[in-house]
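**Q** Just need the structure, nothing else, for what follows:
(one chain, ligands or ions: 1)
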Amino acid sequence: MFQRARPLSFASYLFKYTTPTSSLRHYSFKVFRDVPPLRKLRRDLLLSKKTVGLVPTMGALHEGHISLIRQAAAENTDVFVSIFVNPTQFGVNEDLSSYPRTWDADIAKLEQLNEELGSAENGRITAILAPTSKVMYPTLPPSSEIDGDGSFVTITPLSKKLEGASRPVFFRGVATVCMKLFNIVTADRVYFGQKDIQQTVVIKRMVKDFHLDTEVRIGPTMREDDGLAMSSRNVYLGVRRRTAGLVLIKALKAAESAYQAGKLSRADILDGAASIARETLAHQQGLSPSERALFEVFYISLADPDTLDEVGTVDPAKGAILSGAIKMAPLEQTNSGEDCGLGDGKVSVRLIDNLILKPLD
Ligand code: AMP
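**A** Numbering: from 1, shown residues only. I've put the predicted structure just below:
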């Protein structure tokens, strides 16, 4: 069974999870642990008419993050990358304690990227913001409880839909930490991946409703060669669950093909996706426990791009968002020598993915 993350005291949380070991070394960018020195740099950049793009991340960097940083460097003189595993977006029973933390590898990737960027006509990574939890939550310990105390940003009803239906504090945590980061960095542009499409809709709404003076830019989803959307959590999958997990993108692609073939009704678009999910699960269930990878489908959604309301018929002038989420269950039985991923196949892994159905001409 998946081990539940035991709640940590605030003090042990600070000690265990917020202390990158190598923050004192010299890099081609500055590493900030606190707000005032970063603000000073930001002010200097503003006075010298430089532009700043912010890429918020939780670390465990992969090509998806790197592509956003490249985009930010192409559109700004200076890129700020934040690395902060934000506790308030993890529910009390979610994987905060097992979320991958790879500070040294992350910094090495960012250094390498800066070397590449240095030779071209674009901006570079100037600052990494890796704040402690106490810096980000200066008054009260960060609460993941639904009715927990604290200063939070809530964007409803968007935050209750799709991912929010089974993760009630998730978008409150995301919006809250992004509001903090936006206020700290005051970036000209902020960069988010299409991979987390609901997050992009929530952040755009937050920027609009709170009159935040920044432009939200969305980068395309980076994928592995087989189509799996890159994610920091993929390291937990292992070969067997990774292969079975492709069911999600296959189902979404079938739905996309139906739309591209001219289908507009919900049933016509989603039926093919539902059959792929059903047949793949039935196939896995027919295998022995040492061969199979079981999963649960949380949702396959066809939604309005602005409101995320489910649609019965796609308005061809508007298009729609096709998205899905599945949970790869822990492996029931593992075989010697099998690559079961980090955590030896015991950690359940939530996979999300989406495709945008563009308006038809
Ligand atoms: P995370 O570290 O998971 O919070 O992600 C930080 C940013 O990277 C978010 O804007 C994500 O949407 C984006 N991101 C994550 N995975 C991908 C991907 N496969 N392709 C593009 N962007 C991604």
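**Q** pretty sure Met68 is in contact with Tyr191, am I right?
**A** No Met there; residue 68 is Leu. Yes. Leu68 is in contact with Tyr191 according to C-beta atoms under 8 Å; the separation is 4.5 Å. C-betas here are computed from N, CA, C, even on glycine.
**Q** is whatever residue of the stretch 101-250 of the chain ends up closest to the ligand in a bridge, and if so with what?
**A** Evaluated by C-beta to the nearest ligand atom, the stretch 101-250 of the chain has Gly193 as its residue closest to the ligand, separated by 2.2 Å. In this entry, Gly193 is beta-bridged to Gly219, by DSSP bridges.
**Q** secondary structure class for Thr243?
**A** Classification of Thr243 by DSSP: H, G, I helix; E, B strand; the rest coil places it in helix.
**Q** tell me the contacts of it?
**A** Ala293 (C-beta atoms under 8 Å, 6 or more residues apart in numbering).
**Q** Quick check, Asp226 in contact with Leu246.
**A** Yes. Between Asp226 and Leu246 there is a contact at 6.2 Å, judged by C-beta under 8 Å.
**Q** can you pull out the strands in the stretch 251-361 of the chain?
**A** 295-303, 320-328, 349-357 (DSSP state E, counting those that start in this stretch).
**Q** and these, which is most packed in?
**A** Per-stretch averages of neighbours, counted by mean count of other C-beta atoms under 10 Å, single out strand 320-328 among the strands of the stretch 251-361 of the chain, with a mean of 23.
**Q** Now do that strand against strand 295-303, angle only.
**A** Note on geometry: by axes from the mean of the first three to the mean of the last three C-alpha atoms, to 10 degrees, strand 320-328 and strand 295-303 are set 170 degrees apart in direction.
**Q** one step back: hey, what's in contact with both of Leu68 and Tyr191?
**A** Val55, Gly219.
**Q** Near the ligand, which residues of this protein are found?
**A** 57-58, 64-65, 67-68, 192-193, 195-196, 219, 221-222, 229-232 (C-beta under 6 Å from any ligand atom).
**Q** repeat that for 8 Å
**A** Proximity of the chain to the ligand (C-beta under 8 Å from any ligand atom) is limited to residues 55-65, 67-68, 191-196, 199-200, 219-223, 229-232.
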